[in-house]
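A.B. asks: Prediction below, plus the sequence it came from.
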Amino acid sequence: MSGYDYDMVVIGSGPAGHRAAVQAAKIGKRVAVVERLPHIGGLNVTTGTASKALREAALHLSGFRERTLYGESYTVKQNITMSDLMVSTNHVMHQQAEMLRSQLARNRTDMFHAEASFVDRHTINIATEDDPNTTITADKVIIAVGSHSTQPPTIHTDGRLIFLSDDVMDLPELPRVLTVVGGGAIGLEYASTFAALGVRVTLVDRSPRLLPFADDEIVDALAYHLRENGVTFRLNEDVFDIEYLPGERGNHVRVLLRSGKQIMSDAVMYCVGRTGATEGLNLEAAGLETDERGRISVDDNYQTSVEGIYAVGGVIGFPDLVSTSQMQGRLAACHAFDIPTNSVPGLFPYAVKTTPEVAMVGKTESRLTDEGIPYEVGRAQYREIAKSVIEGDESGILKLLFHIETRELLGVHIAGEGAAELVQIGQAVIAHGGNLDYFVESVTSFPTLAEAYVSAALDGFSRIEE
């Protein structure tokens, strides 16, 4: 037994911290988790999980999914309010937090709801309102504090008329007209959610195209459907300033673009990236530094420049996904205690919960072209799949990219309902070196969205057969 209070202290109880704590506890280590928020799960529960729950509530109450079957005017509830949306959202957040708390308790980890800060590399101060000067010591420390919305440097946010993506759940009411600044995954997710509720949305982004990491055809399909849902794009544009406009019917804002364009809105939401939530940790006392976005550098084992201190999840930057963060937390805990394991593979699925969903795994057409890999494409339209017709979503598309000679599957790209679930099949096949033959020779349940893989594979075969 070491002379420390704990074998490991985990700062943050989000996906990365929770998984790290459970992993260490399961191999018999004494573990403490320090979380500054009053609930378990960190910002992921209040922003990540909540935003997905908000989307589902919006799509249900607006009747959005059923409009293909029952008409564009169909809705489950008229005059939807933020209170309506938060009923199910709050339920999901509470259930998730309690589930995570139960898992930590079952694994006999000690939980502290306090502000953590380093005293030295092995000593952490855990400050509460009642006791600001309690310290605990640990042989190993994992920093898993996540990230938060980046505050725009020249724009004042008030949490209501001009707010960050992390503030959405605290909005008192739905805006009628909304400007979203930032066309990344978070900005697009909220833009599509609000648009489904009938909010008139304008999305502004500095880049000339959306989601530069994604397949061009899939991005074009997403943009088309968002425009159909009432979203206006102002790409390759930069926000210069925002003016408050008080009025008799409530306050408004005017968004000024550097090009000279002006956008009138009820509110503006900023989604201009994420910053590591390292404020207040006193990292200098442990010998650590961050970059300009508050992120901590780590090696392949998620160890920082200080031996025995690890960092995982959003605080280390890309990809900042729940799935990869969980894996990073587990791997860091294993490495800390010399448990053999493999690193996070470069092959992981990426999903954006827009409307429609988009998801991808593997390589894009542009990357295959740059690498000089001969490939072909097999496509399946959702309208060809019975499950999609039954559910009223006939606009989706699934693309399979495969090697012309070996038929090895190289990439899967999807736009449509269920894309985030469907992409997992492609991930498994790519990871095991499978090819198109797998889909053609396998029996797929009917009716399921998975049938799209068979249709796309057959389409691919038709393009290479002589």
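C.D. replies: That came through fine.
A.B. asks: For the rest of this, base every contact and every neighbour count on C-alpha atoms.
C.D. replies: Will do.
A.B. asks: average pLDDT across stretch 142-152?
C.D. replies: Mean pLDDT, stretch 142-152: 93.
A.B. asks: ugh, wrong one, I meant stretch 22-34
C.D. replies: Computed over stretch 22-34, the average pLDDT equals 97.
A.B. asks: Stretch 389-398 too?
C.D. replies: 88.
A.B. asks: Now stretch 215-224: buried residues?
C.D. replies: Buried residues in stretch 215-224, counted by 16 or more other Cα atoms under 10 Å: Asp215, Asp216, Ile218, Val219, Ala221, Leu222, Ala223.
A.B. asks: From the chain's centroid, how far away is it?
C.D. replies: 19 Å (Cα atoms, centre = their mean, to the nearest Å).
A.B. asks: re the thing from before, got the buried residues of stretch 215-224 as JSON lines, with pLDDT columns?
C.D. replies: Output for the buried residues of stretch 215-224, formatted as JSON lines (pLDDT from 0 to 100):
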{"residue": "Asp215", "pLDDT": "95"}
{"residue": "Asp216", "pLDDT": "94"}
{"residue": "Ile218", "pLDDT": "96"}
{"residue": "Val219", "pLDDT": "96"}
{"residue": "Ala221", "pLDDT": "94"}
{"residue": "Leu222", "pLDDT": "95"}
{"residue": "Ala223", "pLDDT": "95"}
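A.B. asks: Just to be sure, which of those are found in strands?
C.D. replies: Judged by DSSP state E, the subset of the buried residues of stretch 215-224 located in strands is empty.
A.B. asks: Am I right that Tyr190 is in a helix?
C.D. replies: Yes. Counting by DSSP: H, G, I helix; E, B strand; the rest coil, Tyr190 is found in a helix.
A.B. asks: quick one: pLDDT of it?
C.D. replies: Tyr190 is given a pLDDT of 95.
A.B. asks: Tell me how many other residues surround the residue nearest to Val253 when sequence neighbours are not counted.
C.D. replies: Leaving aside its sequence neighbours, Val253 sits nearest to Tyr244 (Cα to Cα, 6 or more residues apart in numbering; 4.6 Å). As a burial measure, Tyr244 scores 14 neighbours (other Cα atoms under 10 Å).
A.B. asks: again with Ser88
C.D. replies: Neighbour tally, Ser88, other Cα under 10 Å: 16.
A.B. asks: Next, give phi and psi for Ala32.
C.D. replies: Torsion angles at Ala32 (phi, psi; degrees, to the nearest 10) stand at phi -120, psi 140.
A.B. asks: Relative to Val22, how far out is it?
C.D. replies: Ala32 is 10 Å from Val22, where distance means Cα to Cα, to the nearest Å.
A.B. asks: Go ahead and confirm the residue nearest to Val253 touches Val255.
C.D. replies: No. Assessed by Cα atoms under 8 Å, Tyr244 is found out of contact with Val255, at 9.1 Å.
A.B. asks: which SS class is Leu398?
C.D. replies: Going by three-state DSSP: Leu398 is strand.
A.B. asks: Any figure for the gap between the nearest residue to it once chain neighbours are set aside and Ser165?
C.D. replies: With sequence-adjacent residues excluded and distances taken as Cα to Cα, 6+ apart, Leu398 is closest to Ile414, at 4.5 Å. Distance, Ile414 to Ser165, using Cα to Cα: 25 Å.
A.B. asks: Those two: which has the busier surroundings?
C.D. replies: The residue with more neighbours, out of Ile414 and Ser165, is Ile414; 30 against 23, by other Cα under 10 Å.
A.B. asks: who does whatever helix or strand the more buried one lives in pair up with?
C.D. replies: Element membership for Ile414 (DSSP states H and E) is strand 409-415. Using DSSP bridges, the strands paired with strand 409-415 are strand 358-362 (antiparallel), strand 397-403 (antiparallel).
A.B. asks: List the contacts of the longest one.
C.D. replies: Strand 397-403 is touched from outside by 218, 363-365, 373-382, 408-416, 435-436, 452-453, 456-457, 460, with contacts defined as Cα atoms under 8 Å, 6 or more residues apart in numbering.
A.B. asks: so can I have JSON lines of the strands paired with strand 409-415 showing mean neighbour count?
C.D. replies: Listed next are the strands paired with strand 409-415 as JSON lines, based on neighbours: other Cα atoms under 10 Å:
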{"stretch": "strand 358-362", "mean neighbour count": "26"}
{"stretch": "strand 397-403", "mean neighbour count": "24"}
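A.B. asks: out of those, which comes closest to Phe64?
C.D. replies: strand 358-362 (17.1 Å; Cα to Cα).
A.B. asks: Now the closest one: average pLDDT?
C.D. replies: 97.
A.B. asks: Quick check, pLDDT for the residue nearest the centre of the chain.
C.D. replies: Centroid-nearest residue in the chain, with Cα atoms, centre = their mean: Leu321, separated by 5.2 Å. On the pLDDT scale, Leu321 is placed at 87.
A.B. asks: next one: Gly71
C.D. replies: 81.
A.B. asks: cool, and Met1?
C.D. replies: 43.
A.B. asks: how close does the residue nearest to Leu398 get to Gly3?
C.D. replies: 53 Å.
A.B. asks: Go ahead and name everything in contact with the longest helix along the chain.
C.D. replies: Once the chain is assigned using DSSP state H, the helix that runs over the most residues is helix 82-106. With contact meaning Cα under 8 Å, 6+ apart, helix 82-106 is reached by 18, 21-22, 39-41, 45-46, 49-50, 53-54, 57-58, 169, 171-174.
A.B. asks: From the residues you listed, list just the buried residues.
C.D. replies: Judged by 16+ other Cα under 10 Å, buried ones among the contacts of helix 82-106: 18, 21-22, 39-41, 45-46, 49-50, 53-54, 57-58, 169, 174.
A.B. asks: What about these, which are in strands?
C.D. replies: Per DSSP E, the subset of the buried ones among the contacts of helix 82-106 in strands is empty.
A.B. asks: Report all helices and strands that the lengthiest strand in the chain contacts.
C.D. replies: Counting residues, the longest strand found in the chain (DSSP E) is strand 134-143. Here strand 134-143 touches strand 6-11, helix 15-26, strand 123-127, strand 309-311, helix 322-336, going by 3 or more Cα pairs under 8 Å, 6 or more residues apart in numbering; DSSP states H and E.
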